[in-house]
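Engineer: Below: sequence and its predicted model.
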Amino acid sequence: VLRNTDQGSKQVQSAARGTFARGILDILNHDKGGDGDEFLRVKATCACCFALLLRLFAPSCPYGDADLETAFVSGICGNNGVLGQLLRARDGEASSSKSSKRAELTEELFQRGLFVVETLRQVKACLLVLDFATDEALVCLLSSLLHSISSANISELKQPVISLLGELLEEGGKDLTTRVWDAFLRECIEPPKSWPTRTSQASKGTLTSSSWDQPQSVPDDDVGSG
């Protein structure tokens, strides 16, 4: 329903405000519900709903600053955030070793993560983080987006991420703190040492959100293109 609803629809805004919008945040911010496929799929769906709610209510917002900041810091971004897990879903699993069902799940999760990024970019919802009292959400968002780019997804993720980051840095301008610029430059210059990602556990049928692996290197051809 949300995906097919026009931005600013008062009827859907009225139905989505309150319990539904609150429930989306509760699930996104809950990091102890499980580590399996189904739990990650539920959080992926909630992440898409979160982005669509911001689109629906734009330029207003269905959440207060405190709730929205917590969502970006803990639920969407950060070490336990779902966005990084979705965007890095393809990493660490060789195509030849994946079953057809697992390959479909991997692609489904990545596409949902990409949808979240594209939706936030299209309605400029990420610019909301610039209005928070602290820069924690902005730092988490910058780090998560840059961490998420790998050789497995760069062809699809590079352009929307660069566009989104460019808007954030341009809009923030001289008001951005030294901490924000340090985080941005550090992620650009120094590759992350590790990042939470789904690890293949075919024998158990689960995908853990607590597993860590080394990030994929980015081919020189991709870095220099565009």
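Structural biologist: Received, thanks.

Engineer: rest of the way, CA atoms for contacts and neighbours
Structural biologist: Fine.

Engineer: Check what pLDDT the residue nearest the centre of the chain gets.
Structural biologist: Nearest to the mean C-alpha position of the chain, by Cα atoms, centre = their mean, lies residue 83 at 2.6 Å. We note a pLDDT of 95 for residue 83 in this prediction.

Engineer: what's the answer for the one 5 residues further on, then?
Structural biologist: Looking at residue 88, its pLDDT is 93.

Engineer: switch to numbering from 37
Structural biologist: Okay, using 37 as the starting number, the last item reads as residue 124.

Engineer: For the chain, which helix extends over the most residues?
Structural biologist: Across the chain, the longest stretch assigned as helix under DSSP state H is helix 136-158.

Engineer: tell me the mean pLDDT for that helix?
Structural biologist: Summarised as a single mean, pLDDT over helix 136-158 is 93.

Engineer: could I get stretch 53-67 in CSV with only the CA atoms?
Structural biologist: Below are the C-alpha coordinates for stretch 53-67, written out as CSV (Å, rounded to 0.1, in the frame of the first residue of the first chain):
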residue,chain,number,x,y,z
ARG,A,53,0.5,7.6,11.9
GLY,A,54,0.7,6.4,15.4
THR,A,55,0.7,2.6,16.1
PHE,A,56,1.9,1.5,12.7
ALA,A,57,4.7,4.0,12.5
ARG,A,58,5.7,3.3,16.1
GLY,A,59,5.7,-0.4,15.4
ILE,A,60,8.2,0.0,12.5
LEU,A,61,10.6,1.8,14.8
ASP,A,62,10.3,-0.8,17.6
ILE,A,63,11.2,-3.6,15.2
LEU,A,64,14.1,-1.7,13.6
ASN,A,65,15.6,-0.8,17.0
HIS,A,66,15.2,-4.2,18.4
ASP,A,67,18.4,-6.2,18.1
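
Engineer: could you give me the average pLDDT of it?
Structural biologist: Stretch 53-67 comes out with an average pLDDT of 89.

Engineer: what do you get for stretch 224-234?
Structural biologist: Across stretch 224-234, the average pLDDT comes to 54.
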